[in-house]
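Novice: With the input below, show me the fold.
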Amino acid sequence: MKRNLILASFIVLLGCNNASKKESQETSDLEALSFNVNVANPTAADRTGVLVMVKESELPSDFNHQAFTVMDGETEIPSQYNEKGEKGLAFVIDELAASAKKEYTVEYDKEGARTHNYTKRTQAELSIKEGGEWKGKEYIGGTFKNVDSLRKPDEHTDHSWYIRYEGPGWESDLVGYRFYLDWRNATDVYGKTGRDMELQHVGQDGFDSYHNFNDWGMDVLKVGKSLGVGSIATFQEGKAMRVAETDSIISKISENGDVYSEIQTDYYGWKVAGKDLDLKSVISIHAGTRLSKEHLELEKELENIATGLHKDENAKLFSSEGDANSWGYLATYGAQSLNQDNLGIAVLFSNSDFMSFEEDEFSHIVTLKPTGKKVDYYFLAAWEKENGGITTEEEFLQYLKDTAAELAKPVQVSITQ
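Specialist: You can find the predicted model right below:
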């Protein structure tokens, strides 16, 4: 009897040791499913709202994009995986000190999925009416529904009442934008008084109610026949020619994430400068920034891509061609909002792309030289009624110069395993 007890105890201990070894091995395997993202600030200035992007090609071959978490020590960092646009991992660093070097750990499972509950800090949407009918160039009746993609109907033009706030919209926690998905093809600004996502409410209580001050904010920029802020054009025969005449346009929400959102629009048969060409536009925004990035790809060579800003007699003009240490910019600041309060708007560009500053009746203009039929630029807006926003010309100019310097010296990102 005694011997049987001893034998039973030995078997139990052996089982415990085997279980312990198995658990230890599983823990070891779990710990091995991680890699580090190293981020360095190359400038002697603090940064906020820093986007970190790790391309799919740089990620481990067994990376499971449905089951990962980004950690800053013991703190989880909101993140996302982009599947439709430029594929890869994205997260935002809210504050990065001058000359700082930070290491973030990405933990992942080989299989399965992880659920996260992050505060949504970016948004992109496209909302059209359904259940009504076209009568000539107007859409009568129906209710709005968000869609992922839209080929612009041939009937659709300005004030057709078909697309909520007349085109795609995108926003960060700081500011919102839209562009008109019609012959105007110009970009407008939604100033926000808070940090919540608001586009889903805009235009729901009356088609153009957003022109009036609401609790969330309002449309703050008068666009008219101008380039608004950062609209796509080319400078020909002394004026900015927007993407007005095309064969067709398809716009889609390529990313609508918590920290990064993106809209891709394909213009087929843009008729301009004696040419007929296709144009791809990818507009993106991330959490913690006012900046929208515009990436353009041309099917054919074009002498220049132009962009710029609405002209307003109440706003002062500022410009810089930029250099190796700072992107160039074209900016205005003053009481130019539709609410007659202070608004700063700007476009920023690489000095290597800069051709000239121009103007026409409606717009301040910068022309850029596409390289390999591609060009990138950024645009932004800063309204004085933002929560903790910029309220003086001096603050705006400092913000503009800091931003231009950051674009010239982006953060350095590397991966270690």
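
Novice: what's across from L150 in the sheet?
Specialist: On the basis of DSSP bridges, L150 is bridged to S251.

Novice: and the gap between it and V50?
Specialist: 33 Å (CB to CB, to the nearest Å). Bear in mind the C-beta positions are built from the backbone N, C-alpha and C, glycine included.

Novice: tell me which element the residue lying closest to I390 once chain neighbours are set aside is part of?
Specialist: Nearest residue to I390, sequence neighbours excluded (CB to CB, 6 or more residues apart in numbering): A382, at 4.5 Å. For A382, the host element (DSSP states H and E) is strand 374-383.

Novice: where do the strands sit along the stretch 1-150 of the chain?
Specialist: All strands of the stretch 1-150 of the chain, identified by DSSP state E, counting those that start in this stretch, fall at 34-40, 47-55, 68-72, 75-77, 79-82, 88-96, 101-108, 122-125, 127-130, 133-135, 138-140, 143-146, 149-151.

Novice: just those strands: most buried one?
Specialist: Mean neighbour count, computed with mean count of other CB atoms under 10 Å, is highest for strand 122-125 among the strands of the stretch 1-150 of the chain, reaching a mean of 23.

Novice: where's it relative to the chain centroid, distance-wise?
Specialist: Distance of strand 122-125 from the chain centroid (CA atoms, centre = their mean, to the nearest Å) equals 9 Å.

Novice: can you offset everything so residue one is 56?
Specialist: New numbering, starting at 56: the last item is strand 177-180.

Novice: can you give me the mean pLDDT across that strand?
Specialist: Across strand 177-180, pLDDT averages out at 98.

Novice: Please could you give me each C-alpha atom of it, formatted as CSV?
Specialist: Taking C-alpha atoms only, strand 177-180 is exported to CSV below (Å, rounded to 0.1, in the frame of the first residue of the first chain):
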residue,chain,number,x,y,z
THR,A,177,-9.6,59.3,-37.7
GLN,A,178,-12.5,58.7,-40.1
ALA,A,179,-13.1,58.6,-43.8
GLU,A,180,-16.6,58.3,-45.3
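
Novice: List of residues touching it?
Specialist: 201, 223-228, 252, 254-255, 308, 310-318, 340-342 (CB atoms under 8 Å, 6 or more residues apart in numbering).

Novice: Parallel or antiparallel, list what pairs with it.
Specialist: Partners of strand 177-180 in its sheet, by DSSP bridges: strand 224-227 (antiparallel).

Novice: On the C-terminal side of the strand it pairs with, identify the next helix or strand.
Specialist: strand 230-234.

Novice: where exactly do the strands run in the stretch 306-455 of the chain?
Specialist: 315-327, 330-341, 347-353, 360-365, 370-375, 383-389, 398-404, 409-414, 418-423, 429-438.

Novice: What is the end-to-end distance of stretch 368-378?
Specialist: 29 Å (CA to CA, to the nearest Å).

Novice: buried ones in that stretch?
Specialist: Using 16 or more other CB atoms under 10 Å as the test for burial, stretch 368-378 gives A370, F373, S375, E376, G377.

Novice: picking up where we left off before, tell me the buried residues within the contacts of strand 177-180.
Specialist: Judged by 16+ other CB under 10 Å, buried ones among the contacts of strand 177-180: 223-228, 252, 254, 308, 310-318, 340-342.

Novice: Got the domain ranges for the protein?
Specialist: 87-168, 181-469 (automatic domain parsing).

Novice: Could you say which of those is packed most deeply?
Specialist: Greatest burial across the domains of the chain, using mean count of other CB under 10 Å, falls to domain 181-469, with a mean of 19.

Novice: still on that earlier bit, how about the domains of the chain in CSV, adding distance to T174?
Specialist: Shown next, in CSV, are those (distance: least, CB to CB, whole Å):
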stretch, distance to T174
domain 87-168, 7
domain 181-469, 7
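
Novice: Looking at those domains, spot the one closest to K175.
Specialist: Of all these, domain 181-469 sits nearest to K175, with 5.1 Å by CB to CB.

Novice: Work out the gap between the closest one and the centre of the chain.
Specialist: With CA atoms, centre = their mean, you get 11 Å for domain 181-469.

Novice: Kindly check the end-to-end length of it for me.
Specialist: End-to-end for domain 181-469, by CA to CA: 35 Å.

Novice: circling back: any chance of CSV for the strands of the stretch 306-455 of the chain, columns mean pLDDT and distance to I183?
Specialist: Below are those laid out as CSV (pLDDT from 0 to 100; distance: least, CB to CB, whole Å):
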stretch, mean pLDDT, distance to I183
strand 315-327, 98, 14
strand 330-341, 97, 19
strand 347-353, 98, 22
strand 360-365, 98, 27
strand 370-375, 98, 34
strand 383-389, 98, 33
strand 398-404, 98, 28
strand 409-414, 98, 36
strand 418-423, 98, 29
strand 429-438, 98, 25
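
Novice: Export these to CSV and append columns for distance to K190.
Specialist: Below are the strands of the stretch 306-455 of the chain laid out as CSV (distance: least, CB to CB, whole Å):
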stretch, distance to K190
strand 315-327, 26
strand 330-341, 31
strand 347-353, 35
strand 360-365, 33
strand 370-375, 40
strand 383-389, 40
strand 398-404, 37
strand 409-414, 40
strand 418-423, 34
strand 429-438, 36
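
Novice: who touches the residue most central in space within the chain in this structure?
Specialist: For the chain, I340 is the residue whose C-alpha lies nearest the centre (CA atoms, centre = their mean; 1.3 Å). Going by CB under 8 Å, 6+ apart, I340 touches T177, A179, W225, E226, S227, Y232, Y315, S316, E317, L346, S347, K348.
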